[in-house]
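Visitor: structure, please.
(one chain, ligands or ions: 1)
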Amino acid sequence: MEAAIKTIVTTFINSSRGKDNLDSKSFQKLVQKQFSGTMEDTDSSSAIKEMQRGLDENSDGKVSFEEYLSLIGYVANAMSERKCGSNADAS
Ligand SMILES: [Ca+2]
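Guide: Here you go, the predicted structure:
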């Protein structure tokens, strides 16, 4: 569990190069690199931009650590739904 959280934190830090926010380009790279197995549309930059807009609560065009955690929560939720089989065809 701690290792998983550490991965979440270090992935953000590495992607943002130590900054507080991910810009569009870094966010796109992170999603393509880390979520191609769980998400559809990771090869579509417009889909990733759309996703970024959805996460960007303060509308500054960047993804903060808190906003990034919403994405992790969203992915975790999607995974648990898939495992429980309650929403097997969620597309
Ligand atoms: Ca933001």
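
Visitor: what backbone torsions are found at the residue most central in space within the chain?
Guide: In the chain, the residue lying closest to the centroid (Cα atoms, centre = their mean) is Leu71, at 4.1 Å. Dihedral angles of Leu71 (phi, psi; degrees, to the nearest 10) stand at phi -60, psi -40.

Visitor: and the closest residue to it other than its chain neighbours, how many neighbours?
Guide: Once flanking residues are discounted, Leu71 sits nearest to Leu55: 5.6 Å by Cβ to Cβ, 6 or more residues apart in numbering. Glycine gets a C-beta too; all of them are placed from N, C-alpha and C. Here the count is done by other Cβ atoms under 10 Å, and Leu55 has 18 residues near it.

Visitor: identify the residues contacting Leu55.
Guide: Val63, Glu67, Tyr68, Ser70, Leu71 (Cβ atoms under 8 Å, 6 or more residues apart in numbering).

Visitor: most surrounded residue in those residues?
Guide: Result: Val63 is most packed of these (other Cβ under 10 Å), 27 neighbours.

Visitor: just checking, what packs against the host helix or strand of Asn77?
Guide: Assigned by DSSP states H and E, Asn77 belongs to helix 65-84. For helix 65-84, the packing partners by 3 or more Cβ pairs under 8 Å, 6 or more residues apart in numbering; DSSP states H and E come out as helix 2-16, helix 45-55.
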